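# Give me a 3D structure for the following:
(one chain, ligands or ions: 1)
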Amino acid sequence: MIITEMKQLQLMCEEVKTVKEGEEIGAQLLKELTESENGIGLAANQIGINKRVCVINVKEPLVLINPRIVEKSEDQFVFAEGCLSFPGKHVKTGRHTSVIVEADNHEGKLSFSAESEDINDAFECACVQHEIDHLDGITMFERSVTPQPVRVPKKIGRNERVTITDGKETKELKWKKAQPLVESGDWEMAPA
Ligand SMILES: [Zn+2]
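From the prediction side, this is the model:
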């Protein structure tokens, strides 16, 4: 049974005392995850166990016991996330582009980065942050980002010249070049 009550999901989880205890919870989580429709991660408090264990399964099943993010990039990427506790809901979240994680059942550090060409790396990177958040009682809704409303007059010609600004610098360039910058959210249309 997957917990869907927000109040329960907002509770902080406690560390497990032994790796063995963590592995037992991890096995339950993987079973539940496998039975889910299309989940790629699950945290123990989502099945009613308030302990710091979570699993992700993007490229391969990975159990994380008492995981902690020890390093994170300043820059973030925007990701469309779902959650088994909130079926049918999707949120655009801001996640660190890369994180380094330590866990009691892994020697050394685990590195996750959304910067590679492989989309699965981005999934894994967002997922690990999503699951560790769960253990701190944080849901994806708290990471939601609202992209700046892009005010673009309808029907700009691809070759039409526009002026855009990132708040410091102003550029005048063709719309086909400006469009991806504006859509990234870093640039906006400058008043003409
Ligand atoms: Zn979730």
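# tell me which element the residue at minimal distance from the centre of the chain falls in.
The chain has A126 as the residue nearest its centroid, 3.0 Å off, counting by C-alpha atoms, centre = their mean. Taking DSSP states H and E as the definition, one finds A126 inside helix 119-135.
# moving C-terminal of that helix, what's the next helix or strand?
Following helix 119-135 in sequence order, the next helix or strand is strand 161-165 (DSSP H and E).
# Relative to that next one, what are the paired strands and their orientations?
In the sheet containing strand 161-165, its partner strands are strand 170-174 (antiparallel), strand 188-189 (antiparallel), by DSSP bridges.
# Return the distance of the shortest one from the chain's centre.
Translated: strand 188-189. Remark: strand 188-189 is offset 27 Å from the chain centroid, using C-alpha atoms, centre = their mean, to the nearest Å.
# Which strands or helices does the lengthiest strand in the chain pack on?
Ranked by residue count, the top strand of the chain under DSSP state E comes out as strand 106-113. Contact analysis of strand 106-113 by 3 or more C-beta pairs under 8 Å, 6 or more residues apart in numbering; DSSP states H and E lists strand 98-103, helix 119-135 as its packing neighbours. The C-beta positions use only the backbone N, C-alpha and C, and glycine is treated the same way.
# Would you convert the ones you listed into CSV that also reports mean pLDDT?
Converted to CSV, these look like this (pLDDT from 0 to 100):
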stretch, mean pLDDT
strand 98-103, 98
helix 119-135, 97
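# among the ones you listed, which is the most enclosed?
Using mean count of other C-beta atoms under 10 Å, the stretch among those with the greatest mean number of neighbours is helix 119-135 (a mean of 22).
# Return the angle between stretch directions for that helix and strand 98-103.
Taking axes from the mean of the first three to the mean of the last three C-alpha atoms, to 10 degrees, helix 119-135 and strand 98-103 form an angle of 50 degrees between their directions.
# and helix 119-135, what other elements does it pack with?
Secondary-structure packing of helix 119-135 (3+ C-beta pairs under 8 Å, 6+ apart): strand 41-43, strand 53-57, strand 61-65, strand 68-72, strand 76-81, strand 91-96, strand 98-103, strand 106-113.
# Quick one: closest of those strands to G22.
G22 lies closest to strand 61-65 among the helices and strands packed on helix 119-135, at 3.2 Å (C-beta to C-beta).
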